[in-house]
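Engineer: just coords:
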């Protein structure tokens, strides 16, 4: 799978994570899965062909999902009512995607990846959940360092107030991730 040099997720992998995570919770029809993926991703990042361009049919060809029941034969096109299930390869890919790092700084894509990790964190074992929360603490600390460096370069006009709000938010997230990690 293509990844950024630091092994963090690219936009199409975030969509892949959404689809595989949804199917890990149980079989869904193609129509329901498409609506769930589109609805979640669009609400976090807005509609984007870069992000939503992944075909769920592609996951089938890659052996990560399989149709069940009616119209489930090889070579048959999927329809909106075709039931889909996660395969063993799909589950392995899901775990790999959930373990991937989150890129700093916090962009819309980074926020979507964090939201997806938190949404599907319970699909990982306890050790992997702890590792992901540790990674989110580290990411928050890196974000705080970036913002502090920016603030040290000057806070003319209303920039200082704006940065103070971003710093406070990053501190809240760091503290929340730490609390979740301690509660495991």
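Structural biologist: Cool, the structure landed. If you're wondering where the values come from, they're calculated on a predicted model, not measured in any experiment.

Engineer: By mean pLDDT, point me to the weakest helix or strand of the protein.
Structural biologist: Here the helix or strand of the chain ranked lowest by mean pLDDT, DSSP states H and E is helix 49-52, holding a mean of 51.

Engineer: residue contacts, residue 63?
Structural biologist: 87, 89, 90 (Cβ atoms under 8 Å, 6 or more residues apart in numbering). To be clear about C-beta, it is placed using only N, CA and C from the backbone, and glycine gets the same treatment.

Engineer: how about a cut-off of 10 Å?
Structural biologist: Neighbouring residues of residue 63 by Cβ atoms under 10 Å, 6 or more residues apart in numbering: 87, 88, 89, 90, 93.

Engineer: so the second one sits right up against residue 64, yeah?
Structural biologist: Yes - here residue 88 reaches residue 64: they are 9.3 Å apart, a contact under Cβ atoms under 10 Å.

Engineer: So between those two, which is more surrounded?
Structural biologist: residue 64 (22 against 9; other Cβ atoms under 10 Å).

Engineer: Would you enumerate the residues in contact with residue 118?
Structural biologist: 132, 133, 136, 177, 180.

Engineer: Of those, select the buried ones using a PyMOL command.
Structural biologist: When burial is assessed using 16 or more other Cβ atoms under 10 Å, the buried subset of the contacts of residue 118 is captured in PyMOL by this command:
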select buried, resi 132+133+136+177+180
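
Engineer: And the contacts of residue 118, which is closest to residue 171?
Structural biologist: Ranked by distance to residue 171 (Cβ to Cβ), the contacts of residue 118 are led by residue 177 at 10.9 Å.
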